[in-house]
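Peer 1: I'll drop the sequence and a predicted model, then ask my questions.
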Amino acid sequence: MKKQYSFITTLLLTASLAQTQAQNADSVTIKKFFDATLSHGKSYPWLRDLTTNIGGRLAGSANAAKAVQWGKSVLEQEGADKVFLQDVMVPHWERGAKEEAYILNGKQKINVPLLALGGSIATPKKGILAEVIEVKNFQELRALGKEKCEGKIIFFNRPMDPTKISTFEAYGQAGDQRRSGANEASKVGAVGCIIRSLSNTLNDYPHTGSMQYATGVPLIPAGAISTNAAELLSKTLQENPTTKFFFKQNCETLDDAPSHNVVAELKGSEKPDEIIVVGGHLDSWDVAQGAHDDGTGIVQSMEVLRLFKELGIKPKRTIRVVLFMNEENGNRGGIKYAELAKQNNEKHIFALESDNGGFTPRGFGIQGGSPAVLAKIQGYKNLLAPYGLHEIEKGGGGVDIGPLAPQGTVLIGFKPDPQRYFEYHHASNDKFETVNQRELEMGAASMASLIYLLDKYGL
């Protein structure tokens, strides 16, 4: 009995020692990721090139096509085992000439910044001038009805909830105004719709974003005014309920256009048929350089591949870097990628997306898989916590990788600090200089570290 007990104890001690040695080795590798990217990483110069030399990259545009060729070229230069393009037909909406807007309070005319919402129709050539009805939500609008709203411009003025610590939660709660405000306004006979920009910062930068028209509802133009303009318009309406608003926008929707996802592979050494995806979206809104949304996610994903190559780490499973096209106004790239994965009988173990800006890393959100999968990933906290990665919990994966969920793929969203993101999101101030180099590089190393662990030990 004593011998049996001694044997079991020896086995346990041996297993514990082996686990400790493995953790020590993993800790060394993770430090190498951070050391390499913080000392001589390429994500920051790549971001400068993408955002300042190409700029805004709305799907269907010439700049989006340039970005595809740029991504393919860089990934080939970095020594991916394979780089290829996936054909995708994408929506093609163009903003046209710069928008005009002003508040008309009696004889006082105050110009305000406005951006057409992506997918909106244009106003008549002469613009629209009408009285304004301010509402906070759809229920309030419906209660007013056609009698009070017909022939007016509906002004949705519900701010993002400042008490929400998660700015993404606040954004989600306020987003119905942008997505469906024009439909609801049209139902009560409005001639136009303007919304308060989805931002928790007061400034003069209007924030665009996609909206969708409902079937069977008359189409009316929709635009977003800056948060400062929304505050001013609301105050003016309180003082003078007959205040009018003018806006003119020149946008149009063209036929769908051909584009591409960019895909690069590091072939797995032991289980090449098991695929790990890391990526972001290559397109951006037209009015900005698309730095935080989502240039940062693109270059961080590319840096993951570069780090594996530089450090000579041969993954067990195939790692794919995917630069998705058309997340902003259709998600055609994500849908096409998942469609081809199913068609080709590919087995995707997990997919990691970076589309929350290039700020200080905080952790990862896990979607899908069993409770044991979540527990296993959370078990790496002791290795990741020294780099500020404390928040590893259930959460959203990302729009681009979402279509992989029905195939059983575990989705993981990279989570940087969210507090400043909506200062820049979909606005013209989303520029290269707003991204901190060190924060960007920390994010790339964080993503590489989690991929390394999940590739080595599986789910």
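Peer 2: On my side now, so go ahead. Numbering: from 1, shown residues only.

Peer 1: Could you check how far the residue nearest in space to the middle of the chain is from residue 400?
Peer 2: Among the residues of the chain, the one closest to the centroid is residue 355, at 3.5 Å (CA atoms, centre = their mean). Per CB to CB, to the nearest Å, residue 355 is found 7 Å from residue 400. Backbone N, C-alpha and C define where each C-beta goes, glycine included.

Peer 1: Then residue 176?
Peer 2: When CB to CB is applied, the distance between residue 176 and residue 400 equals 22 Å.

Peer 1: Looking at the two now, which is surrounded by more residues?
Peer 2: Under the criterion of other CB atoms under 10 Å, the comparison of residue 176 against residue 400 puts residue 400 first, with 31 against 15.

Peer 1: mind listing what that one touches?
Peer 2: By CB atoms under 8 Å, 6 or more residues apart in numbering, the contact set of residue 400 is 279-281, 322, 324, 327, 331, 333-334, 337, 353, 355.

Peer 1: try 7 Å this time
Peer 2: 279, 281, 324, 327, 331, 333-334, 353 (CB atoms under 7 Å, 6 or more residues apart in numbering).

Peer 1: With residue 205 instead?
Peer 2: Going by CB under 7 Å, 6+ apart, residue 205 touches 226, 427-429.

Peer 1: Once you drop chain neighbours, what's closest to it?
Peer 2: Distances taken as CB to CB, 6 or more residues apart in numbering place residue 427 nearest to residue 205, at 4.2 Å, with adjacent residues excluded.

Peer 1: And that neighbour, how close does it get to residue 421?
Peer 2: Per CB to CB, residue 427 is found 11 Å from residue 421.

Peer 1: which one of these two has more residues nearby?
Peer 2: A count of neighbours by other CB under 10 Å puts residue 427 above the other of residue 427 and residue 421, at 28 against 21.

Peer 1: residues contacting that one?
Peer 2: 205-207, 288.

Peer 1: how about it, phi and psi?
Peer 2: Here is the backbone geometry of residue 427 (degrees, to the nearest 10): phi -120, psi 160.

Peer 1: for the helix or strand containing residue 148, what is the average pLDDT?
Peer 2: Per DSSP states H and E: residue 148 is located in helix 138-149. Helix 138-149 shows a mean pLDDT of 97.

Peer 1: Same check on stretch 355-369?
Peer 2: For stretch 355-369, mean pLDDT rounds to 97.

Peer 1: Start and end of that stretch, how far apart?
Peer 2: Distance between the boundary residues of stretch 355-369 (CA to CA, to the nearest Å) amounts to 21 Å.

Peer 1: Report the distance from it to the chain centre.
Peer 2: In terms of CA atoms, centre = their mean, to the nearest Å, the centre of stretch 355-369 is found 11 Å from the chain centre.

Peer 1: can you check stretch 157-169 too?
Peer 2: Counting by CA atoms, centre = their mean, stretch 157-169 comes out at 17 Å from the chain centroid.

Peer 1: So what touches it?
Peer 2: 134, 136-137, 170-171, 173-174, 177, 196, 198-200, 230, 234, 418-419, 421-422.

Peer 1: cool, stretch 179-195 as well?
Peer 2: Contacts for stretch 179-195 (CB under 7 Å, 6+ apart): 123, 128, 130, 138, 141, 144-146, 149-156, 177-178, 211-214, 217-218, 220-225, 245, 247.

Peer 1: Which helix or which strand is home to the nearest residue to residue 431 once chain neighbours are set aside?
Peer 2: Distance criterion CB to CB, 6+ apart; nearest residue to residue 431, sequence neighbours excluded, is residue 289 at 4.8 Å. If you go by DSSP H and E, residue 289 is not part of any helix or strand.

Peer 1: Surely residue 289 and residue 55 touch.
Peer 2: Yes: Residue 289 is within contact range of residue 55, at 5.4 Å (criterion: CB atoms under 7 Å).

Peer 1: which of the two has more neighbours?
Peer 2: Taking other CB under 10 Å, residue 289 and residue 55 do not tie; residue 289 has more neighbours (28 against 18).

Peer 1: Show the contacting residues for that one.
Peer 2: So residue 289 contacts 51-52, 55-56, 430-432 (CB under 7 Å, 6+ apart).

Peer 1: show me where the stretch 151-300 of the chain has strands.
Peer 2: 153-156, 192-196, 222-225, 244-248, 252-266, 271-281 (DSSP state E, counting those that start in this stretch).

Peer 1: which residues are contacting the first one?
Peer 2: Taking CB under 7 Å, 6+ apart as the criterion, the residues outside strand 153-156 that touch it are 128, 130, 132-135, 141, 177, 181, 185, 190-196, 233, 245.

Peer 1: Among the contacts of stretch 157-169, name the buried ones.
Peer 2: 134, 137, 170-171, 174, 177, 196, 198-200, 230, 418, 421-422 (16 or more other CB atoms under 10 Å).

Peer 1: Could you measure from residue 160 over to residue 166?
Peer 2: Distance of residue 160 to residue 166, computed by CB to CB: 11 Å.

Peer 1: more crowded one of these two?
Peer 2: Neighbour comparison, residue 160 and residue 166: the larger count goes to residue 160, with 22 against 13 (by other CB under 10 Å).

Peer 1: Quick check: closest non-adjacent residue to the more buried one.
Peer 2: residue 170 (4.1 Å).

Peer 1: how far does stretch 241-260 stretch from start to finish?
Peer 2: For stretch 241-260, the first-to-last residue distance is 49 Å (CA to CA).

Peer 1: Measure how far it is from the centre of its chain, please.
Peer 2: 22 Å.

Peer 1: Kindly provide the whole-number mean pLDDT of it.
Peer 2: Rounded mean pLDDT across stretch 241-260 is 98.

Peer 1: Which positions in that stretch come out as buried?
Peer 2: By neighbour count on 16+ other CB under 10 Å, the buried set for stretch 241-260 is 243-251, 253, 257, 259-260.

Peer 1: Looking at those, which is nearest residue 302?
Peer 2: Taking CB to CB as the measure, residue 302 lies nearest residue 260 of the buried residues of stretch 241-260, at 15.8 Å.

Peer 1: looking at the strands of the stretch 151-300 of the chain, which is closest to residue 315?
Peer 2: Nearest to residue 315 among the strands of the stretch 151-300 of the chain is strand 252-266 (5.7 Å), distances taken as CB to CB.

Peer 1: Against which helices or strands is the closest one packed?
Peer 2: helix 62-77, strand 82-94, helix 296-310, strand 317-324, helix 332-343 (3 or more CB pairs under 7 Å, 6 or more residues apart in numbering; DSSP states H and E).

Peer 1: make it 10 Å
Peer 2: Packed against strand 252-266 by the contact rule (3 or more CB pairs under 10 Å, 6 or more residues apart in numbering; DSSP states H and E) you find helix 62-77, strand 82-94, strand 271-281, helix 296-310, strand 317-324, helix 332-343.

Peer 1: Counting by contacts, list what the first one packs against.
Peer 2: Helix 62-77 sits against helix 43-48, strand 82-94, strand 252-266, helix 296-310, strand 317-324, with contacts defined as 3+ CB pairs under 10 Å, 6+ apart.
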